[in-house]
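Novice: Structure, please.
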Amino acid sequence: MMSVRIDKWLWAARFYKTRSLAVDEINKGRVQVNQADVKPSREVRAGDMVSLRQGHTERTVQVLGVSESRGPAPVAQQLYAETPESIQKREAAAEQRRVAAEPAHSLEHGRPTKRDRRAQNAWNERWSASLD
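Specialist: Here you go, the predicted structure:
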């Protein structure tokens, strides 16, 4: 049975742009194989379940094939199959982010302008030319 390092597989399957990014994510604990934290040198085989996090999205995929070289995207997509539960969770999270309120909309007027700051501070009263 053929096997390949997890960092090479993640790179070949186009989950990460470079192997060093894949290694960083593995070392941060964002990648698990068969529900166990792994090191970059961990070998994966067809049938293994890989859970990974890319930004806000969490995916669970089953390894269908292994490759040590990075090929075109259609070939890379044949190396794995995402589980139906993972697809459902990912779509629900995307929908929740889409309908969530924009944090910037909670500000009424935004940052004050220079004119607004001048109006708030009593410059005319502070800086008078009188000798009083």
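Novice: And the residue most central in space within the chain, its phi and psi?
Specialist: By C-alpha atoms, centre = their mean, the chain has its centre lying nearest to Gly55, at 0.8 Å. Dihedral angles of Gly55 (phi, psi; degrees, to the nearest 10) stand at phi 70, psi -120.
Novice: for this structure, which spans come out with low pLDDT?
Specialist: Low-confidence segments of the chain (pLDDT under 70): 1, 104, 107, 122-132.
Novice: same thing but at 90, please
Specialist: 1-2, 54-57, 67-68, 97-132 (pLDDT under 90).
Novice: residue boundaries of the helices in it?
Specialist: 6-12, 19-27, 73-76, 84-99, 114-120, 123-126 (DSSP state H).
Novice: got the contact list for the third one?
Specialist: The set of residues that contact helix 73-76 without belonging to it, under C-beta atoms under 8 Å, 6 or more residues apart in numbering, is 12-14, 67, 70. C-betas here are computed from N, CA, C, even on glycine.
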